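# Pasting a predicted model and its sequence here:
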Amino acid sequence: MKRLILAGGIAGALALMGAPAMATNDDIIKVQATGDVATTMDALETAVTGIGATVFARVDHSGGAKNVGLELDPSQLLIFGNPKMGALAMQDDPLAGLFLPLKVLVYRDGAGQVWMAYEDPKETLDDLGGVPQDAEYIKKMTGALGKLTAKAAGG
């Protein structure tokens, strides 16, 4: 069941406001989008459901901040997955469940540019002793995230 969640709270809002406009962490992959946050998120959600993956939630960070009297530039998170891949990772190491399902953040930075950002599955799961670095499901997750964000990027 898909739910829209308004993420609020001062801690969450402050964490987002403190994030750098350009991620320097190699674990984060950013894709520039041509549309606004809502349009890009709609396109991403359509792409995700189009490949048969399950959308678990769409989190509206800026809406949650507004509900507690704070302002954030538009920012939404899509949480989605495919148990055919995720369950394989969790069979290898149950702690993979800390990083799954997959997530893509769509946000507008301080310069007005819209981005999609996600963690590189290989880098995210590499500290887990039971997950082989050459696992086929990691390649599939990485490929899916790349294709889905490219499709949603527009232009």
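The structure has been received and is ready for your questions.
# Tell me the spacing between the nearest residue to Ala53 once chain neighbours are set aside and Thr39.
Leaving aside its chain neighbours, Ala53 sits nearest to Asn82 (4.7 Å; criterion: CB to CB, 6 or more residues apart in numbering). C-beta here means a position set from N, CA and C on the backbone, and glycine is covered the same way. Here the distance between Asn82 and Thr39 works out to 24 Å (CB to CB, to the nearest Å).
# ditto for Ala117
Per CB to CB, Ala117 is found 17 Å from Thr39.
# From the contact counts, what lies against the helix or strand hosting Thr142?
Thr142 is part of helix 136-153 when elements are defined by DSSP states H and E. In terms of contacts (3 or more CB pairs under 8 Å, 6 or more residues apart in numbering; DSSP states H and E), helix 136-153 is packed against strand 28-33, helix 37-50, helix 83-92, strand 102-108, strand 114-119, helix 121-125.
# Look up the closest residue to the most centrally placed residue in the chain, ignoring the ones flanking it.
Closest residue to the average C-alpha location of the chain: Val104 at 1.5 Å, with CA atoms, centre = their mean. Nearest-residue entry for Val104: Tyr118, 4.6 Å, with adjacent residues in sequence omitted and distances by CB to CB, 6+ apart.
# Please apply the same query to Asp93.
Excluding its sequence neighbours, the residue lying closest to Asp93 (CB to CB, 6+ apart) is Gly130, at 3.1 Å.
# Please verify my assumption that the one you found contacts Asp92.
Yes: using CB atoms under 8 Å, Gly130 makes contact with Asp92 at a distance of 4.6 Å.
# which one of these two has more residues nearby?
Taking neighbours as other CB atoms under 10 Å, Gly130 and Asp92 compare with Asp92 leading, 18 against 13.
# got the contact list for that one?
Listed by CB atoms under 8 Å, 6 or more residues apart in numbering, the contact partners of Asp92 are 128, 130-132, 135.
# coming back round to it: ok, Asn82 and Thr39, which is more surrounded?
Asn82 (19 against 15).
# Cheers, nothing more for now.
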